[in-house]
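Below is the structure, and that's it, no one-letter string:
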């Protein structure tokens, strides 16, 4: 097996000592191994990891398994997933040093620290895992369309303009007012969508569309709490448009793992969404505006590493 560690230095801003410690641990482990095959790479900009992984695959021996370690936050994990999805014999390990670890939460609360233990990760097993595909892009966890993604995109922009320290001081206030103002924007909360799920029409006005491969978002379990990433199905929530106040309550309820009454909850293998205006789209940690998106599940597209013999919850498959 070939081991490739891909670091996102931005995840360790102001904490070089922490990254140095991880590098030391990697070196210590492989110095005890016979003929170790590993490399350490730094991803300097978005999508840089894709080129790094392509080169690693070219250097691997035919038939070798290549295990990629995405060291950082959800941005580097997204890039590593999108590189690895195009090749056979690829495994990905998330080494969480970001703000959220939505995918790893499926293994249980407080497990993130276990995924930072280098020896455990290197010797751990990997599980067949589905991905959400949009064209040449892949998402591991979810796709949001509408209110939630609009809120998140605006907060991200604010965070970028204020800087990390200033944003931390004003995060609760800015989040509160951002959510209120966005919920009163009818162009977002009452947008009309043409929706097809497994060729069945669900068109209408919705405030939120959530397509999930896992149950967590922003560190919290969503209303799609049964979503599992190995059942070959997408879990889908369609939250109908309503007044601003009701919309906020529905969103709050949904983000706490409950299902609001103004929602439709389905499973399917593909979904297409179109609108006459640009939609707010969040594909894992990527923010996009487009008038058309076609998503499909790719069953067992990749293998994800899980330490301590952890496994995915048993899928709950509802009638379509």
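It's in. Just so it is clear, the model here is predicted, and its values are computed rather than measured.

quick check: longest strand of this structure.
strand 286-306 (DSSP state E).

where's that one relative to the chain centroid, distance-wise?
The chain centre lies 9 Å from the centre of strand 286-306; the measure is C-alpha atoms, centre = their mean, to the nearest Å.

pLDDT below threshold where in the stretch 201-320 of the chain?
315-320 (pLDDT under 70).

all strands of it, in order?
Along the stretch 201-320 of the chain, counting by DSSP state E, counting those that start in this stretch, strands occupy 204-212, 216-217, 220-221, 234-240, 263-268, 270-283, 286-306.

Please enumerate the strands of the stretch 1-150 of the chain.
In the stretch 1-150 of the chain, the strands defined using DSSP E, counting those that start in this stretch lie at 2-7, 38-42, 66-72, 90-96, 125-134, 137-139, 142-146.

returning to that earlier point: export the strands of the stretch 201-320 of the chain to CSV and tack on distance to residue 1 and mean neighbour count?
In short, each C-beta sits where N, CA and C put it, glycine included. Compiled in CSV, the strands of the stretch 201-320 of the chain are given as follows (distance: least, C-beta to C-beta, whole Å; neighbours: other C-beta atoms under 10 Å):
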stretch, distance to residue 1, mean neighbour count
strand 204-212, 31, 23
strand 216-217, 29, 22
strand 220-221, 34, 16
strand 234-240, 31, 24
strand 263-268, 35, 19
strand 270-283, 30, 18
strand 286-306, 11, 18
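
Quick check: the gap between residue 2 and residue 41.
12 Å (C-beta to C-beta, to the nearest Å).

what sits in contact with each of those two?
residue 56 (C-beta atoms under 8 Å, 6 or more residues apart in numbering).

got a list of contacts for stretch 48-63?
Contacts of stretch 48-63 with the rest of the structure, by C-beta under 8 Å, 6+ apart, involve 2, 4, 6, 8, 39, 41, 43, 66, 68, 70, 76, 79-80, 82-84, 87, 89-90.

Look up the closest residue to residue 111, ignoring the ones flanking it.
residue 104 (6.1 Å; C-beta to C-beta, 6 or more residues apart in numbering).

can you count the residues close to the one you found?
When neighbours are counted by other C-beta atoms under 10 Å, residue 104 registers 22.

Contacts only, for the residue lying closest to residue 107 once chain neighbours are set aside.
Excluding the flanking residues, the one nearest residue 107 by C-beta to C-beta, 6+ apart is residue 310, at 4.5 Å. The contact partners of residue 310, by C-beta under 8 Å, 6+ apart, come to 107-108, 111.

if I read this right, residue 47 contacts residue 79, doesn't it?
Yes. Taking contacts as C-beta atoms under 8 Å, residue 47 lies within contact range of residue 79: 6.0 Å.

Show me which of these two is the more surrounded one.
The residue with more neighbours, out of residue 47 and residue 79, is residue 79; 27 against 12, by other C-beta under 10 Å.

hang on, isn't the residue nearest to residue 111 packed against residue 114?
No. Between residue 104 and residue 114 there is no contact under C-beta under 8 Å: 9.0 Å.

Domains of the chain: list them as residue ranges, please.
For the chain, automatic domain parsing gives the domain ranges 2-130, 142-300.

Look through this structure and report the residue furthest from the middle.
Farthest-out residue of the chain from its mean C-alpha position, per C-alpha atoms, centre = their mean: residue 34, at 35.4 Å.
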